[in-house]
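1. missing the sequence, but the structure's below:
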């Protein structure tokens, strides 16, 4: 049985075939969903090319989540592809170089503000921009991606703070959208070698640390487990789960140092 049969899903953050978002889109299609991707700026042409590598080439709409104009026009752009939205994947995160790499004490507010706007506030902004397309009777599922923000990671700095904000925002969004039958949950994935990961100084150090602590063997080159978790949350198999963080990290979050 296809667990997303007939569902309409917007997936943000597809940049390369290594992206968790790419595999969410791929598996969603394999599970019967209609998928639209979003991208913007210089990445738009790349996403258009990568979209053709999905089982069913997906349309790509331009969306800058920090642009009020883009957000205001999002519902109309989506209506060109389907009448309602059943699922939304927020796979968006960015922090300027100055906000990463051990510069925590010296990062300027302007760089912190960028990290929080793109990585945290956009979760709420995107949900509200899509709300006109959510159907209360059938419900909808919003799924975001995080990296366990309960501890301070080496060199992750203000992106870690932004992720902590995302995790808190998820709880508040779940509180305020529950009456509209909208579920809001996060996947806390272990380290994956994505384009975003490459921008984090010292990311390669995570590989050995993760494998030494994970009860289940972890492969930093395999985004599929995290993608499968997201697709499960998009389905109707979690009808009463919201405000949750599902860890797909080999179990590291549960193990002491």
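-> Now that the structure is in, tell me what you want to look at. Everything numeric in this text was worked out from a predicted model, so none of it was measured.
2. quick one: residues contacting the residue of the chain most remote from its centre.
-> Ranked by distance from the centre of the chain (CA atoms, centre = their mean), the top residue is residue 106, with 28.0 Å. Contact analysis of residue 106 by CB atoms under 8 Å, 6 or more residues apart in numbering lists nothing. To be clear about C-beta, it is placed using only N, CA and C from the backbone, and glycine gets the same treatment.
3. from residue 96, how far off is it?
-> Counting by CB to CB, to the nearest Å, the separation of residue 106 from residue 96 is 13 Å.
4. cool, and residue 69?
-> Counting by CB to CB, the gap from residue 69 to residue 96 is 23 Å.
5. neighbour count for the two, which is higher?
-> Between residue 69 and residue 96, counted using other CB atoms under 10 Å, the more crowded position is residue 96 (19 against 8).
6. quick check: the more buried one touching residue 115?
-> Yes. The pair residue 96 and residue 115 passes the contact test of CB atoms under 8 Å, sitting 6.9 Å apart.
7. could you check the pLDDT of the closest residue to residue 144 other than its chain neighbours?
-> Nearest non-adjacent residue to residue 144, counting by CB to CB, 6 or more residues apart in numbering: residue 90, 4.0 Å away. What the model reports as pLDDT for residue 90 is 98.
8. would you list the phi and psi of residue 90?
-> Main-chain dihedrals, residue 90, degrees, to the nearest 10: phi -100, psi 100.
9. list the contacts of it.
-> Applying CB under 8 Å, 6+ apart, we find residue 90 in contact with 12, 13, 122, 123, 126, 127, 142, 143, 144, 145.
10. ok, what's across the strand from residue 89?
-> residue 11, residue 143 (DSSP bridges).
11. roughly how far apart are it and residue 96?
-> 24 Å.
12. swap in residue 130?
-> 27 Å.
13. same thing with residue 44?
-> Counting by CB to CB, the gap from residue 44 to residue 96 is 21 Å.
14. same question, residue 71
-> 22 Å.
15. output the lowest mean pLDDT helix or strand found in the chain.
-> Comparing every helix and strand of the chain by mean pLDDT, DSSP states H and E singles out helix 195-198 as the least confident one, with a mean of 57.
16. pretty sure residue 130 sits against residue 73.
-> No. Using CB under 8 Å, residue 130 makes no contact with residue 73, being 11.9 Å away.
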